[in-house]
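>>> Sequence and predicted structure, then a few things I'm wondering about:
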Amino acid sequence: MDRSVTGRKAFSLPESDVPFQEMPDRAQMRDDLELPEVSQLEVIRYFSILSQRNFSIDTNFYPLGSCTMKYNPKINDELSNIPGLADLHPLQPQDTAQGAIRLLKELQDDLGEITGLPAVSLAPLAGAQGEYAGLLIARAYHEARNDTQRTVAIIPDSAHGTNPASATMAGLDVVTVGSDPNGNVDVSNLRELSDSRTAVFMLTIPSTLGLFEPNILEITEIIHNAGGLVYADGANLNALLGIVKLGDLGVDICHSNLHKTFSTPHGGGGPGSGPVMVSDVLAKFLPDPVAEKRDGRYILANPEQSIGSINGFHGSFSIAVRAYAYIKALGLEGLQSVSKNAIINANYVQTNLRDKYNLPVDRYCMHETVLSASRQKDRGIAGLDIAKRLLDFGIHAPTMYFPMIVDEALMIEPTESESKETLDHFIAVMKQIDDETVNNAELVSDAPHDLPVTRLDEASAARKPILRWSPVDLDDQ
Ligand SMILES: *Cc1c(COP(=O)(O)O)cnc(C)c1O
């Protein structure tokens with residue numbers, strides 16, 4: 001409104017060549033609705049500048065741990081928009097969508113190959129829904145064997161919050177197993193906890209500390225000997241592609257987020273996809289539908305003893321197309337180099353920052369590193385302040401205060417797509433901020449300084465958000 005100039009317009013229309021007609025009253029615009037009068041160029045500048053006030057992977061380094069905010073080739077978006085794929089209707093006859101169902105079948109096969117768990121359903125719409133489906137499969141398996149007293153899900157204290165939540169939703173009782181000082185599962189504690197009530201043990205691989213579990217073979221054996229199943233949370237497969245197959249480790253069920261590892265960013269606010277992968281024995285319990293090839297035709301089939309449908313239709317198709325394009329374009333060697341570079345980049349950051357930031361578990365990491373701002377906290381500067389200060393340098397904050405077993409956690413996932421120069425810049429900025437916590441603490445505790453909005457009152461922002469412009473707000477300013 002403050003830019004409005006009476007009579008200025010963003011359009012010009014030719015003289016009308018049809019007779020003038022009065023509009024009926026109810027179709028008239030309200031005369032109390034004031035609209036700004038601005039030129040087209042002003043409108044474009046206004047919205048272009050607004051659109052750039054957000055951080056995005058296309059504009060900023062985005063080391064948000066656990067979320068894999070890497071660069072995803074734009075061509076994969078274009079492919080998912082091909083009219084033959086984008087304009088399909090979920091209810092159209094399967095004979096008229098053979099190519100699309102074939103794509104789903106081939107993606108299932110590729111995900112089965114990557115995880116070593118060959119039976120796949122693409123139905124789940126998020127990582128958490130993949131977990132839920134996988135846990136219902138575990139329950140269905142035990143119930144089918146009349147092993148009905150198995151109602152316990154054992155979950156490490158470092159787990160992603162969705163794990164205990166999904167287990168509870170699936171009707172299981174959650175029992176927590178501790179971590180040892182090296183960030184691994186406390187194996188003797190696990191041995192004590194696993195018994196004839198154990199339905200499933202749920203482990204994030206790599207762990208939320210960004211670490212590989214060295215005792216994994218012993219762990220899967222303990223659980224299998226107790227008659228339970230092993231569930232791997234493979235939401236983020238960025239460290240494992242073409243290097244480790246979860247099935248080879250003794251895992252029975254896993255899910256993966258296509259919207260992390262496979263060409264769709266997490267946290268993009270759009271649809272997600274969390275396929276569930278299982279061993280052959282569990283295939284008959286998968287949620288429907290599962291794409292299959294029978295007698296030369298591709299069909300969407302319902303597994304024999306399916307846990308049922310967990311949403312409408314067959315999952316997020318456009319996300320599946322992106323993942324398919326990504327996997328096919330990279331091939332085995334390409335996928336392996338994704339993981340190797342993700343691991344090297346995370347370790348490069350870890351090695352260069354460990355002098356200034358506490359490294360709670362002193363081991364090489366996988367695709368992400370968890371540092372702690374505990375030293376800075378002793379000087380009165382919290383992890384949150386450091387995250388805010390990073391914004392002044394055009395760097396998105398890392399994931400903070402997670403995993404909860406690390407004090408002042410800063411979970412940094414650089415991803416494979418960043419150059420050494422970007423990582424060096426990030427490292428230099430993190431060192432500078434550490435220096436500021438000693439010499440100029442206010443600069444950090446009051447950050448950000450250079451953004452359109454400075455430090456927010458987070459409680460009010462969450463409880464009383466102002467989501468639209470109103471003239472009253474302007475007058476108040
Ligand atoms: C992201 C993530 C999830 C949950 O995925 P959503 O799609 O957000 O439901 C589960 N586990 C781990 C380890 C994750 O990183």
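Yep, it's here. Residues are numbered from 1 along each chain as shown.
>>> going forward, measure contacts between C-alpha atoms and count neighbours the same way
OK.
>>> what's the distance between the residue nearest to Asn347 when sequence neighbours are not counted and the ligand?
Among residues not flanking Asn347 along the chain, Cys365 sits closest, at 6.1 Å (Cα to Cα, 6 or more residues apart in numbering). Per Cα to the nearest ligand atom, to the nearest Å, Cys365 is found 15 Å from the ligand.
>>> separation between Cys365 and Tyr357?
From Cys365 over to Tyr357 the distance is 15 Å, taken as Cα to Cα, to the nearest Å.
>>> what does Val43 give?
45 Å.
>>> same question, Glu416
22 Å.
>>> between those two, who's got more neighbours?
When Glu416 and Tyr357 are compared on other Cα atoms under 10 Å, the one with more neighbours turns out to be Glu416, at 23 against 19.
>>> List the residues that contact the more buried one.
When contacts are counted by Cα atoms under 8 Å, 6 or more residues apart in numbering, Glu416 touches Lys70, Val338, Ser339, Lys340, Asn341, Ala342, Ile343, Asn345.
>>> So which residues of the protein form strands?
If DSSP state E is used as the criterion, the strands of the chain fall at 119-121, 152-156, 173-177, 198-204, 229-233, 253-255, 276-278, 290-294, 297-301, 369-372, 399-400, 409-412.
>>> Distance to the ligand and mean neighbour count added to the ones you listed, as CSV?
Below are these laid out as CSV (distance: least, Cα to the nearest ligand atom, whole Å; neighbours: other Cα atoms under 10 Å):
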stretch, distance to the ligand, mean neighbour count
strand 119-121, 15, 27
strand 152-156, 12, 26
strand 173-177, 16, 19
strand 198-204, 6, 26
strand 229-233, 6, 27
strand 253-255, 9, 32
strand 276-278, 12, 31
strand 290-294, 20, 18
strand 297-301, 24, 17
strand 369-372, 13, 28
strand 399-400, 11, 22
strand 409-412, 11, 27
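>>> Kindly reformat the ones you listed as JSON lines and extend each row with mean pLDDT.
As requested, the strands of the chain are exported to JSON lines (pLDDT from 0 to 100):
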{"stretch": "strand 119-121", "mean pLDDT": "98"}
{"stretch": "strand 152-156", "mean pLDDT": "97"}
{"stretch": "strand 173-177", "mean pLDDT": "98"}
{"stretch": "strand 198-204", "mean pLDDT": "97"}
{"stretch": "strand 229-233", "mean pLDDT": "98"}
{"stretch": "strand 253-255", "mean pLDDT": "98"}
{"stretch": "strand 276-278", "mean pLDDT": "98"}
{"stretch": "strand 290-294", "mean pLDDT": "97"}
{"stretch": "strand 297-301", "mean pLDDT": "97"}
{"stretch": "strand 369-372", "mean pLDDT": "97"}
{"stretch": "strand 399-400", "mean pLDDT": "94"}
{"stretch": "strand 409-412", "mean pLDDT": "97"}
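>>> Figure out which of those is closest to Asp87.
The closest of these to Asp87 is strand 297-301. By Cα to Cα, the value is 18.3 Å.
>>> quick one: strands adjacent to the closest one?
Using DSSP bridges, the strands paired with strand 297-301 are strand 290-294 (antiparallel).
>>> Any chance you could list what contacts the partner strand?
The contact list for strand 290-294 (Cα under 8 Å, 6+ apart) reads 101-102, 104-105, 108, 120-123, 298-303, 314.
>>> Mind doing that once more with 7 Å?
With Cα atoms under 7 Å, 6 or more residues apart in numbering as the test, strand 290-294 has contacts from Ile101, Leu104, Lys105, Ser121, Tyr298, Ile299, Leu300, Ala301, Asn302.
>>> Which pLDDT does the model give the last one?
Among the per-residue scores, Asn302 holds a pLDDT of 95.
>>> biggest helix in this structure, by residue count?
Scanning the chain for the helix with the most residues, using DSSP state H, yields helix 317-353.
>>> so how far is the ligand from the residue lying closest to Lys9 once chain neighbours are set aside?
The shortest distance from Lys9 to any non-neighbouring residue, by Cα to Cα, 6+ apart, is to Ser39 (5.0 Å). Separation of Ser39 from the ligand (Cα to the nearest ligand atom): 42 Å.
>>> And for Ser417?
On the measure of Cα to the nearest ligand atom, Ser417 and the ligand end up 18 Å apart.
>>> before we move on, what about Gly112?
Remark: distance between Gly112 and the ligand (Cα to the nearest ligand atom) = 19 Å.
>>> was I right about that residue contacting Pro118?
Yes. With contact defined as Cα atoms under 7 Å, Gly112 reaches Pro118; the gap is 4.0 Å.
>>> Which one's more surrounded, these two?
In this view Gly112 and Pro118 are compared by other Cα under 10 Å, and Gly112 has more residues nearby, 22 against 18.
>>> any idea how far the residue nearest the centre of the chain lies from Leu79?
In the chain, the C-alpha nearest the mean C-alpha coordinate belongs to His266, at 3.5 Å (Cα atoms, centre = their mean). His266 sits 19 Å away from Leu79, taking Cα to Cα as the criterion.
>>> do Lys245 as well
Separation of Lys245 from Leu79 (Cα to Cα): 28 Å.
>>> Tell me the residues of the protein that contact the ligand?
The chain comes close to the ligand at residues Ser66, Cys67, Ala126, Gly127, Ala128, His160, Thr162, Thr204, Asp233, Ala235, Asn236, as judged by Cα under 6 Å from any ligand atom.
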